[in-house]
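>>> I would like to see how this sequence folds:
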Amino acid sequence: MSGQYDDIINTPHHVSESRAQMSRRSRAAQFAPFAALNGYEDAIGESARRTDCKAELCADDAAELNRKIQLIGARIASEPYCKITYFVPDKHKPGGTYITAAGNVRLIEEATRQLVFVGGLRIPVDDIVGIYL
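As a prediction, the model looks like this:
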């Protein structure tokens, strides 16, 4: 075999006597993708994230929810089990999301208008859209 690089093909790899060898991690960092705008991807993701609008209940649905809350209040000593769907406002943009929580209701705080579950979860009565007993 005769080629263009025959004169250097078998020479040993050069190791500097005055500088320490770079770690593999540092060498790899040189070739990592460059992000010119820090936080840009997060900002795009946040603006693309969808939120729901809070639904206004009609009078019949509100009356049905009040009836179910009274039923829970009448059974509060036995810590009744139920599923509750409620609206959670978003902290960063208008709207929010609907969450369904299930568990035993420990008490109804009338002063703060909240249902308190055994695990400590507090749900504002005004944000409830559905109760399933």
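
>>> Tell me which helix or strand in this structure has the weakest average pLDDT.
helix 40-48 (a mean of 83; mean pLDDT, DSSP states H and E).

>>> residue boundaries of the helices in the protein?
24-29, 40-48, 59-74 (DSSP state H).

>>> and the longest one, what other elements does it pack with?
Spelled out, it's helix 59-74. For helix 59-74, the elements it packs on are strand 96-109, strand 128-132, judged by 3 or more CB pairs under 8 Å, 6 or more residues apart in numbering; DSSP states H and E. Backbone N, C-alpha and C define where each C-beta goes, glycine included.

>>> Quick check: which of those is buried the most?
strand 128-132 (a mean of 16; mean count of other CB atoms under 10 Å).

>>> residues making contact with that one?
For strand 128-132, the surrounding residues in contact (CB atoms under 8 Å, 6 or more residues apart in numbering) are 55, 57, 61, 65, 68-69, 72, 82-87, 98, 100, 115.

>>> Closest one of these to residue 5?
residue 98 (67.7 Å; CB to CB).

>>> Might one say that residue 122 is in contact with residue 108?
No - counting by CB atoms under 8 Å, residue 122 sits too far from residue 108 to count as a contact (10.8 Å).

>>> Quick check: neighbours shared by these two?
114-116.

>>> distance of the residue of the chain positioned farthest from its centre from residue 9?
Distance from the C-alpha centroid of the chain, by CA atoms, centre = their mean, peaks at residue 2 (63.4 Å). Residue 2 is 11 Å from residue 9, where distance means CB to CB, to the nearest Å.

>>> now swap in residue 42 and tell me
Distance of residue 42 to residue 9, computed by CB to CB: 49 Å.

>>> got it, and residue 74?
91 Å.

>>> Perfect, I'm done here.
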